[in-house]
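Undergrad: Build me a model:
(one chain, ligands or ions: 1)
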Amino acid sequence: MRGIFRNERYPVFYSVIYGRIIYNDSMITNISEFIKTVDGAAEYIRGVLAGKEIPSVCIVLGSGLGPLSSMAEDAIEISYKDIPGFPVSTAPGHKGSLLIGKLSGKPVFMMNGRFHYYEGYPIETVTFYVRVMGRLGVKALLLTNAAGGINVDMKVPELVAITDHISFNAEPVLRGPNIAEFGTRFPDQCHVYDPELTDTLVNCARDLQIRISRGVYAYSKGPQYETPAEIRAWRILGADCVGMSTVPEAIAASHMGIRVAAMSCITNMAAGITGQALSEQEVFDNAALASENSCALVKEFIKRVNL
Ligand code: HPA
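TA: Okay, the predicted model is just below:
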């Protein structure tokens, strides 16, 4: 089999045959071509930076964090569609650009829009940008997201510092030939979320008097919300909140030795808890309510973080 993916048309992730879209369970089959694609994207970004300092932190702007993009100083914006090999995000409310600028006086990358498995991308496309960040020398990734609260002590729209996750129901991120240049075949998963960075996040929130708890994030492939029975099962298994992102990116980042911190905004109580139907509108509205706190916390985190 030639090419980097079975359909050989990366980043096109499905094949159209006789007018029907056929889902392609794509997997990296040609390591050197994949590395070349990742490095091509990194090289393009380096070229746009034209000798400016390459940030050592990348922030992924989940729901409610969008306003951070306009707080970056001296920002350069690169549309995803201009970066060779980069996919384009289709999720509602997610823009599609990479920002490079200063936040709290420090250079940062900001991903204004991410890629979700439910959009139809193969898992290596969902995590493609993480690989690019790793090759650019990024040392820490701050992932933010909206999530449903499973732990009934949680209050909408509080923030949660993610300490661990449950994802054994999901597509394995590192399936396929291992890219030894990126990381080991069987990476340890005891500290996917860096304890020191997580403590920094929690301490920043406390100092800013922003309510935050620590919790375990259950990864849902989506796009449908969970059933009440799934939520009860996850509660028994030890999950505190649930969402449709973050985990693939965290696994790919930690595989490359990138330190990860992750934060959820509890935008709704998970299915079956209140008896009310879940809606995207509720998620957006509550993410917007938490937005000021979320943005302030990220700014403080960047100010304090020492890499
Ligand atoms: N489930 C999954 N993803 C979510 C939720 C939820 O309840 N809320 C926000 N994102």
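Undergrad: Can you classify Arg185 as helix, strand or coil?
TA: Here Arg185 is coil, with the state taken from DSSP: H, G, I helix; E, B strand; the rest coil.
Undergrad: tell me the contacts of it?
TA: Asn178 (CB atoms under 8 Å, 6 or more residues apart in numbering). No exception for glycine: its C-beta is placed from N, CA and C like everyone else's.
Undergrad: any idea how far it lies from the ligand?
TA: Distance of Arg185 to the ligand, computed by CB to the nearest ligand atom, to the nearest Å: 31 Å.
Undergrad: Which phi and psi values does that residue adopt?
TA: Torsion angles at Arg185 (phi, psi; degrees, to the nearest 10) stand at phi -60, psi -40.
Undergrad: Got the confidence number for it?
TA: In this model, Arg185 is scored at 97, pLDDT.
Undergrad: Go ahead and report the secondary structure state at the residue in the chain positioned nearest to the ligand.
TA: Among the residues of the chain, Gly148 lies closest to the ligand, at 2.1 Å counting by CB to the nearest ligand atom. Secondary structure, three-state DSSP: Gly148 is strand.
Undergrad: So what pairs up with it in the strands?
TA: Val242, Asn268 (DSSP bridges).
Undergrad: what's near enough to touch it?
TA: Listed by CB under 8 Å, 6+ apart, the contact partners of Gly148 are 225-226, 231, 241-243, 266-271, 278.
Undergrad: Go through these and single out the one with the most neighbours.
TA: Counting neighbours by other CB atoms under 10 Å, Ala270 leads the contacts of Gly148 with 30 neighbours.
Undergrad: hang on, that residue packs against Arg232?
TA: No - at 9.6 Å, Ala270 does not count as touching Arg232 under the criterion of CB atoms under 8 Å.
Undergrad: so what pLDDT did Tyr10 get?
TA: The score at Tyr10 is 44. That number is its pLDDT.
Undergrad: same deal with Lys95?
TA: We have a pLDDT of 79 for Lys95.
Undergrad: residues touching it, list them.
TA: By CB under 8 Å, 6+ apart, Lys95 lies in contact with 66, 69, 89, 112-113.
Undergrad: State the mean pLDDT of stretch 135-154.
TA: 98.
Undergrad: Pull out the buried residues from that stretch.
TA: For stretch 135-154, the buried set under the neighbour-count rule, 16 or more other CB atoms under 10 Å, comprises 135-136, 138, 140-151, 154.
Undergrad: Spit out the contact partners of the residue nearest the centre of the chain.
TA: Note on the chain: the residue nearest the mean C-alpha position is Thr246, at 3.8 Å, using CA atoms, centre = their mean. Thr246 sits next to 62, 143, 145, 162, 165, 217, 219, 262, 264 when contact means CB under 8 Å, 6+ apart.
Undergrad: if you set the cut-off to 6 Å instead, what comes out?
TA: Residues near Thr246 by CB atoms under 6 Å, 6 or more residues apart in numbering: 143, 145, 262.
Undergrad: Of these, which is the nearest to Ile31?
TA: Ranked by distance to Ile31 (CB to CB), the contacts of Thr246 are led by Leu143 at 25.7 Å.
Undergrad: for that closest one, what are its contacts?
TA: Shown in contact with Leu143 (CB under 6 Å, 6+ apart): 60, 246, 249, 262.
Undergrad: surely Lys102 meets Glu73?
TA: Yes - here Lys102 reaches Glu73: they are 4.3 Å apart, a contact under CB atoms under 6 Å.
Undergrad: Please determine how far the closest residue to Glu230 other than its chain neighbours is located from Gln224.
TA: Leaving aside its sequence neighbours, Glu230 sits nearest to Ala271 (CB to CB, 6 or more residues apart in numbering; 7.2 Å). To Gln224, Ala271 is 10 Å away according to CB to CB, to the nearest Å.
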